[in-house]
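Asker: Sharing a model prediction with you, sequence too.
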Amino acid sequence: MNYLHLSGWFVDAALPGTTPDPAVILGGTGLLREFISVAGNWVGGGQLSIATPYIGQGIAKGILPLRDMDHPQIDLLIVTQTKKEASRAYREIGSFPWRSLAICLCPGLHAKIYAFVPRSGGGVSLVGSHNLTRAGAGINDEAGVLFLSRSGSDICRMVLICHDRISELSVVGEKLFDSVRWPEKYSV
């Protein structure tokens with residue numbers, strides 16, 4: 001039987017490799033890097049969903065695991081609050097060879113929610129104060145909760161709830177970029 005592991009991790013270092021499964025971790029600034037690292041190392045790809053009002057310039061270099069992900073195996077959805085941030089997201093992250101990429105606006109967005117739902121089951125999500133910026137990943141004093149499970153559990157339901165919320169936010173505003181949608185000029 002899997003028992004839920006609860007812990008605090010306000011340390012600027014990677015989580016120990018022996019983190020129990022499933023786990024709920026209350027932590028600080030390092031949780032954003034940890035989330036990206038766990039999602040990026042998950043074998044088989046999946047759906048990466050991000051809702052954040054701010055996307056920082058140089059973020060692809062600031063959160064190193066972002067550029068090391070298996071991009072062709074990952075569908076990425078980004079929801080942000082302004083066209084300026086959406087353009088920055090496309091410049092910073094859109095150049096990676098994602099399986100698919102959608103960038104949407106949600107005016108008034110203040111939430112910072114990250115979710116990765118792998119095709120193999122399980123998942124990881126982060127709900128906290130972390131914007132997708134260098135400051136949010138390593139300078140500011142952030143706080144959040146990381147949910148992690150490699151198999152079916154209540155934690156997987158929490159990850160799906162986070163993913164579903166980001167999907168809901170993506171339809172509130174305007175879809176600015178969708179690599180899956182047929183271009184308008186070719187519509188029948």
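Answerer: That came through fine. Numbering: from 1, shown residues only.

Asker: contacting residues around Met158?
Answerer: Under the criterion of Cβ atoms under 8 Å, 6 or more residues apart in numbering, the contact list for Met158 reads 125, 147. For glycine as for every other residue, the C-beta is placed from the backbone atoms N, C-alpha and C.

Asker: That one looks like it's in a strand, true?
Answerer: No: under the criterion used here (DSSP: H, G, I helix; E, B strand; the rest coil), Met158 is helix, not part of a strand.

Asker: Lys132: what's its closest spatial neighbour, skipping adjacent residues?
Answerer: Slight slip there: residue 132 is Leu, not Lys. Excluding its sequence neighbours, the residue lying closest to Leu132 (Cβ to Cβ, 6 or more residues apart in numbering) is Thr52, at 4.6 Å.

Asker: wait, doesn't that neighbour sit right on Thr80?
Answerer: Yes: contact between Thr52 and Thr80 holds when scored by Cβ atoms under 8 Å: they sit 6.2 Å apart.

Asker: tell me, what's touching the two both at once?
Answerer: Leu109.

Asker: can you give me the strands in the protein?
Answerer: 5-9, 23-27, 46-51, 74-80, 100-105, 113-118, 123-128, 144-149, 175-178 (DSSP state E).

Asker: Tabulate those (JSON lines), appending distance to Cys156.
Answerer: Output for the strands of the chain, formatted as JSON lines (distance: least, Cβ to Cβ, whole Å):
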{"stretch": "strand 5-9", "distance to Cys156": "15"}
{"stretch": "strand 23-27", "distance to Cys156": "12"}
{"stretch": "strand 46-51", "distance to Cys156": "12"}
{"stretch": "strand 74-80", "distance to Cys156": "18"}
{"stretch": "strand 100-105", "distance to Cys156": "22"}
{"stretch": "strand 113-118", "distance to Cys156": "9"}
{"stretch": "strand 123-128", "distance to Cys156": "6"}
{"stretch": "strand 144-149", "distance to Cys156": "5"}
{"stretch": "strand 175-178", "distance to Cys156": "27"}
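
Asker: which stretch among the ones you listed comes nearest Gln57?
Answerer: For Gln57, the closest of the strands of the chain is strand 74-80, at 13.6 Å, according to Cβ to Cβ.
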